[in-house]
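Enquirer: Show me how the following folds:
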Amino acid sequence: MSAAGAAPPTETAASPVAPWSRWHRPARLVLFAYVLLISCPIRYWPLESGIDGGWLFALNFAAAQGPAAASRMVFTMGPLTYLLSPQHIGGNLARGLIFQAGLWLCLAVIYRDLFFRAAYPLRNLVMFSCCLALVTPMFWFSYVGAENLMLVGALVLLAVFHTRGGLGRYAAALALVGLLPVFKLTAALIGVTAIAGFLLHRVVAREGNPARELTLAVAVPAMVAAAVLASIMPSVQAVLYYLRGIADVSGGYSVAMSVTGPRLDMVLAVAALAVLAAVVRVQGVSDPDTARSLAGLLAIPLFLSLKHGFVRQDLHVIAFFCFVAIALALASLTLRLDRKGALRVVPLVVLFMLLWLLIVVRSSGPAFIAHVSGVSAGRMLIGALRYEDLTRRLEASIDAFPRSEALEPEVVQIIGGAPVASLSENIPKLAAARVRIELCPVIQRYSAYTPYLDGLNAAWIRDRGPRFLVYDGQAIDGREPWAETPAMWLEVYRWYDTRYLGERDLLLERRTAPRFTRLERLSRAQTGFGQALRLPTAGGAVFWTMACGYSFEGKARKWLYRVPPVYMTVQAKDQASRTARVIPDVLVSPVMGTYLPEGLSQFAAVFSDGIQPGQVVTRLRLHGSGSRSYSPVCEVELLRPVR
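Expert: Alright, predicted model coming up:
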C-alpha cells in the first residue's frame, strides 16, 4: 500500500530482467518528449474576421487598454484569456509567450514527476500517452484550449497524489485550479468539482489527513484566484462585476446557445461512457480503492463535460469525448496491464478510439492529425522562436484582412477620428480600418442573452455610447436581430440616427437629444405560446414585452441539459411573414413591434425620421419545441414612446 491507496504494479529489481528492459528509460524519455510536445501551450493568432476572430480581438484589445478596460468586459472567457491566445496588440504577444513558456515549464515538471519519479510501469505510461493524444483537439479548440492543459495538469497531480502521496503534488493541483477562473469558468467548475469528489472519497475511505486536505482545498484555490483577481482588477466592485457577469453568461448558456445535432452523437457518447465504466470496473477488481477514487474525481466533471458538449451540439461535442479520453488516461496509470489485464483493457481502449474518430473526423476533419502528431504544437513553437519574423507576420495580417468583409471606405471616411463601436460580431473589421474603437461591456451582442447582460450594453449605449455605431445586419443561429438584445436596441433607437447605408454596413450617428424620453403603457394582457399577439398599426412605433416563467421541465432542462429553441413568426401588413429564433428570457425588455426590420435598408429606414419602414407588423406569435419549457401563460404589455 502507498501513502494514499493501493499502488499499481511496478517493475522492481526482484522481477526477472527482460531482454528489452535496457530500453525502458529511453522509451520513457521518448514518451515524455512526445507528451510534452503535444502539451505545448505556445499559441498566437493573427487578426481574422468572423465571430471567433471578433471575441479574440476584443479580449486582446481590452487587455491592451489596461486593467480598467479589461475589467468592464464580459464574455465566456476570462480577463486573462489573452495570455493563452495573444495577438500582436500592445504588449500582449510578449506577455502571452512568457506566460505560456512558464506554463509549459510547469507541465514539464508534472510530466517528469509522472514518468520518472512516480514509478509507474512503462506499459501504463504507453497507454496514458496514447489516451492523452486523444485529448489534443481540446487543447486547440476554437483559438483557445490551453486552459485545458492546466486542468489536465491538475487532474494528473491529483491522480498521482492518490497513489504516491506527496503534499506538494496536491497543493500544486489546487493552485492550478485556482488559476482557471480568470481564464474560463467551465474549466474552473470542472476543476473544483473534481477536487470536491476526490476529497469526498478520501473522507469516506478515511485516507490521508482529510481535515488538512479539506482546509488546503478551500484555502489554496481561493487565495490564488483572489491574488490574481486583485492584481488585474482595479477594485472590489470590478471583481464583483466580473463574477456577476460570468455567472449570467454561464447560467443563460443552456437556453440561448442551444443547438441540436444528430442523435448518433448521443448514442456514441453513451457508448463512450460505457467503455469508461467497463475500464473502471476492470480496475475495481484489482484495486477497488483507486477505482472509487477515480469515480469520485471524475463523476461530476464528466456530467459537466457532457452538458457543455451537448448544449451546443456542433463542434462542442468534441469536448466531451476528449474529457472521456482524460479519464481513460488517468485510469491507465493504475491498471494491471499484464497479459490477462491487457486482454481486458486494450480492446476497450481501441473501441473508444473508434468512437472518438467518428466524432472528431466529422467535426474537425484532418486537422486532428496535426494535433495528435504534435505538428501543430511544433509549428507554433518554431514560429515563436523567430520572434521578429512572427511580429512581422502578425502585423501583416491587418493589411491582409479580406476586402469583402472590410469596413466600406465611405464609412471609414465619415468616421474619421471619432470613436465607433460595433453592433456586429465581426469586430476585427474596425481594427483593419484603423479607426478609434470602443467596446460594449458584453463584447459580442449574441452573448448578451440575459436581461442583466442586455441591460449592461443598454446602459452603456445610453450613458457612454460613442458618436458612431456600425452594424452589418447579421445574427447567429437564425435569431431575430431586433429581438436578440431588445434593451440595447431600445437605447440605440432612442439615441441614434442613420448616417450612411452601404452595401455591407449601416452607420449610425448619435443624436444631440433622444428620440423619446420614456415609454407609456397602452395595454396589458395575458397570452401563451402559439397564440397570436396583435399589434396596432396606427400611431407610430409600438413596443411590446412578454414575461414567461419556466415550467418544471424547463427548469430541469436549463440546469441539466439544454432548452430547445423558441421561434417567433411575424406577419406584416402586406401579409408577408417570416420566422426567426428568439430568446424568451430577454423579451421582458421592450421590443420594437410595429417595425421589425429585415435587412440593412429596413434598419436604415427605422433609424431615419420621416421615412416609413417597408415592413409594418400586425401580429406575431411564439412557438417551437422549446415552448414546453415555459409557463403556458405569459404577461404581455404594449407600450409607445413619448417625447
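Enquirer: residue contacts, the closest residue to Val566 other than its chain neighbours?
Expert: Spatial nearest neighbour of Val566, excluding adjacent residues (C-beta to C-beta, 6 or more residues apart in numbering): Gly626 at 4.1 Å. Backbone N, C-alpha and C define where each C-beta goes, glycine included. Contact analysis of Gly626 by C-beta atoms under 8 Å, 6 or more residues apart in numbering lists 563-566, 584.
Enquirer: Quick check: the farthest pair among those residues?
Expert: Across the contacts of Gly626, no pair lies farther apart than Pro564 and Pro584, at 11.6 Å, counting by C-beta to C-beta.
Enquirer: who's more crowded, the two?
Expert: When Pro564 and Pro584 are compared for neighbours, Pro584 comes out ahead with 26 against 17, by other C-beta atoms under 10 Å.
Enquirer: wouldn't Leu93 be in contact with Thr391 here?
Expert: Yes: taking contacts as C-beta atoms under 8 Å, Leu93 lies within contact range of Thr391: 6.8 Å.
Enquirer: where along the stretch 251-400 of the chain do the strands fall?
Expert: Taking DSSP state E, counting those that start in this stretch to define them, one finds no strands in the stretch 251-400 of the chain.
Enquirer: swap in the chain?
Expert: 419-422, 436-438, 468-471, 496-501, 506-510, 518-527, 533-534, 543-547, 566-572, 577-582, 591-592, 617-623, 634-642 (DSSP state E).
Enquirer: Can you redo these as a markdown table, where the extra columns are distance to Pro181, mean pLDDT and mean neighbour count?
Expert: Below are the strands of the chain laid out as a markdown table (distance: least, C-beta to C-beta, whole Å; pLDDT from 0 to 100; neighbours: other C-beta atoms under 10 Å):
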| stretch | distance to Pro181 | mean pLDDT | mean neighbour count |
| --- | --- | --- | --- |
| strand 419-422 | 28 | 96 | 22 |
| strand 436-438 | 27 | 96 | 18 |
| strand 468-471 | 32 | 97 | 24 |
| strand 496-501 | 36 | 96 | 18 |
| strand 506-510 | 36 | 97 | 21 |
| strand 518-527 | 39 | 93 | 13 |
| strand 533-534 | 42 | 90 | 16 |
| strand 543-547 | 32 | 94 | 20 |
| strand 566-572 | 31 | 91 | 19 |
| strand 577-582 | 31 | 92 | 17 |
| strand 591-592 | 34 | 91 | 23 |
| strand 617-623 | 36 | 90 | 19 |
| strand 634-642 | 36 | 94 | 18 |
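Enquirer: Output those strands in TSV; the columns should cover distance to Pro121.
Expert: Shown next, in TSV, are the strands of the chain (distance: least, C-beta to C-beta, whole Å):
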stretch	distance to Pro121
strand 419-422	56
strand 436-438	56
strand 468-471	60
strand 496-501	68
strand 506-510	65
strand 518-527	67
strand 533-534	68
strand 543-547	61
strand 566-572	54
strand 577-582	53
strand 591-592	63
strand 617-623	60
strand 634-642	62
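Enquirer: Outline the domain layout of the chain.
Expert: 23-251+261-380, 403-510, 518-642 (automatic domain parsing).
Enquirer: tell me the mean pLDDT over the longest one?
Expert: For domain 23-251+261-380, mean pLDDT rounds to 94.
Enquirer: Can you give me the end-to-end span of that domain?
Expert: End-to-end distance for domain 23-251+261-380: 31 Å, by C-alpha to C-alpha, to the nearest Å.
Enquirer: Over to the shortest one?
Expert: Using C-alpha to C-alpha, the end-to-end distance of domain 403-510 comes to 27 Å.
Enquirer: distance between it and the chain's centre?
Expert: In this view, domain 403-510 has its centroid 22 Å away from the chain centroid, taken as C-alpha atoms, centre = their mean, to the nearest Å.
Enquirer: Give me the contact list for stretch 52-71.
Expert: 45, 47-48, 72-73, 75, 77, 79-82, 85-87, 89-92, 142-143, 232-234, 238, 241-242, 424-428, 431, 437, 439, 443-444.
Enquirer: List the residues that contact Ala271.
Expert: Ala271 sits next to 351, 355 when contact means C-beta under 8 Å, 6+ apart.
Enquirer: related to what we said a few turns ago, overlap in contacts of Leu93 and Thr391?
Expert: By C-beta under 8 Å, 6+ apart, no residue touches both Leu93 and Thr391.
Enquirer: quick one, which of these two is more surrounded?
Expert: Higher neighbour count among Leu93 and Thr391: Leu93, with 21 against 14, using other C-beta under 10 Å.
Enquirer: how far away is that one from Tyr387?
Expert: Taking C-beta to C-beta, to the nearest Å as the measure, Leu93 falls 8 Å from Tyr387.
Enquirer: and what of Met546?
Expert: 55 Å.
Enquirer: again, but for Tyr44
Expert: Distance of Tyr44 to Tyr387, given as C-beta to C-beta: 10 Å.
Enquirer: Next: Leu430.
Expert: From Leu430 to Tyr387 the distance is 27 Å (C-beta to C-beta).
Enquirer: These two: which has the busier surroundings?
Expert: Leu430 (26 against 12).
Enquirer: pLDDT score for that one?
Expert: 95.
Enquirer: Likewise for the one 5 residues further on?
Expert: In the predicted model, Val435 carries a pLDDT score of 96.
Enquirer: cool, Gly624 as well?
Expert: You'll see Gly624 listed with a pLDDT of 93.
Enquirer: OK, contacts around the residue nearest to it when sequence neighbours are not counted?
Expert: Counting by C-beta to C-beta, 6+ apart, Gly624 lies nearest to Tyr567, which is 4.2 Å off, once chain neighbours are set aside. By C-beta under 8 Å, 6+ apart, Tyr567 lies in contact with 579-582, 622-624.
Enquirer: How about Leu407?
Expert: The contact partners of Leu407, taken as C-beta under 8 Å, 6+ apart, are 429-430, 432-433, 435, 470, 505.
Enquirer: cutoff 6 Å now
Expert: 429, 433 (C-beta atoms under 6 Å, 6 or more residues apart in numbering).
Enquirer: Ok, Pro564 next?
Expert: By C-beta under 6 Å, 6+ apart, the contact list for Pro564 reads 625-626.
Enquirer: any idea how far Ser254 is from it?
Expert: Applying C-beta to C-beta, the value for Pro564 to Ser254 is 10 Å.
Enquirer: cool, and Leu385?
Expert: 42 Å.
Enquirer: Looking at these two, which is more packed in?
Expert: Neighbour totals were compared for Leu385 and Ser254, and Ser254 leads with 19 against 11 (other C-beta under 10 Å).
Enquirer: My guess is that one contacts Arg562. True?
Expert: Yes: Ser254 is within contact range of Arg562, at 5.0 Å (criterion: C-beta atoms under 6 Å).
Enquirer: any residues in contact with both of these two?
Expert: Common neighbours of Ser254 and Arg562 (C-beta under 6 Å, 6+ apart) are Val311.
Enquirer: I'd like the contacts of Gly626 as CSV, with distance to Asp289 appended.
Expert: Below are the contacts of Gly626 laid out as CSV (distance: C-beta to C-beta, whole Å):
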residue, distance to Asp289
Val563, 40
Pro564, 42
Pro565, 46
Val566, 48
Pro584, 48
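Enquirer: just curious, which of those residues is nearest to Thr290?
Expert: Closest to Thr290, out of all of those and judged by C-beta to C-beta, is Val563, at 38.3 Å.
Enquirer: Tell me how many other residues surround that closest one.
Expert: What Val563 shows, counting by other C-beta under 10 Å, is a neighbour count of 27.
Enquirer: Would you list the phi and psi of it?
Expert: Here is the backbone geometry of Val563 (degrees, to the nearest 10): phi -100, psi 120.
Enquirer: ok, the residue nearest the centre of the chain - contacts?
Expert: Taking C-alpha atoms, centre = their mean, the centroid of the chain lies closest to Thr76, which sits 5.0 Å from it. Residues near Thr76 by C-beta under 6 Å, 6+ apart: Val249.
Enquirer: run the last query once more with 10 Å
Expert: 55, 144, 184-186, 246, 249-250, 253, 257, 444, 447 (C-beta atoms under 10 Å, 6 or more residues apart in numbering).
Enquirer: Of those, grab the buried ones for PyMOL.
Expert: Those of the contacts of Thr76 that count as buried under 16 or more other C-beta atoms under 10 Å are selected in PyMOL with:
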select buried, resi 55+144+184+185+186+246+249+253+257+444+447
